[in-house]
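Trainee: with the sequence up front, the predicted model follows.
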Amino acid sequence: MDKEQLPKEVLKRMYQEDWFSQWLGIEPVKIGAGSCVLRMIVRKDMLNGFGIAHGGITYSLADSALAFASNSYGRKAVSVETSISHTEPVKEGDILTAVAEELSLSNKIAVYQIRVIRQDEKLVALFKGTVYRTAKPWFPDQEEQITKN
């Protein structure tokens, strides 16, 4: 499996068992080594008592982008610290895009920034996540390849 195909296969395997991302209606748009773009539409059942999207919606979209981006090298990675700033309200029918960018990568720790953008190009949330990179491969036959990433 080449370096372009590996992130796609990891995302495919993760998404198959990711019932929460599926429930959110998350659509993978783009995946690469250390990066990910996801999209979703905000539904009525995602709104809080103020008639705007619950903060957990943008958080969850960004968290999924973090998971897919940080696992894209074929090594299982888990979050150890995350934070989010909500900058604009999100309403029913809004189309949200999460763009994950790798800021730092080492053997054991990686840091990502995820921007959540509304369809009008406004930044609605800014998420930062730190992950721990295990030595466990997503695909055992790729173990030699992942030790290089």
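Mentor: Yep, it's here.

Trainee: element containing the most centrally placed residue in the chain?
Mentor: Geometric centre of the chain, nearest residue: residue 65, 0.7 Å, by C-alpha atoms, centre = their mean. Assigned by DSSP states H and E, residue 65 belongs to helix 55-71.

Trainee: now do the helix or strand just after that helix against helix 55-71, angle only.
Mentor: Using DSSP H and E, the next helix or strand after helix 55-71 towards the C-terminus is strand 75-86. On the basis of axes from the mean of the first three to the mean of the last three C-alpha atoms, to 10 degrees, strand 75-86 is oriented at 150 degrees to helix 55-71.

Trainee: tell me which residues of whichever helix or strand comes after strand 75-86 come out buried.
Mentor: Using DSSP H and E, the helix or strand that follows strand 75-86 in sequence is strand 95-105. Within strand 95-105, the residues that qualify as buried are 96-100, 102, 105, counting by 16 or more other C-beta atoms under 10 Å. C-beta coordinates here come from the backbone N, C-alpha and C atoms, glycine included.

Trainee: let's have these in TSV, adding pLDDT and distance to residue 56.
Mentor: Below are the buried residues of strand 95-105 laid out as TSV (pLDDT from 0 to 100; distance: C-beta to C-beta, whole Å):
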residue	pLDDT	distance to residue 56
96	98	13
97	98	18
98	98	14
99	98	19
100	98	18
102	98	24
105	98	28
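
Trainee: so who does the residue nearest to the centre of the chain touch?
Mentor: 36-38, 98-100, 114, 127 (C-beta atoms under 8 Å, 6 or more residues apart in numbering).

Trainee: what do you get if the cut-off is 10 Å, keeping everything else the same?
Mentor: 21, 26, 28, 31, 35-38, 97-101, 112, 114-116, 127, 129 (C-beta atoms under 10 Å, 6 or more residues apart in numbering).
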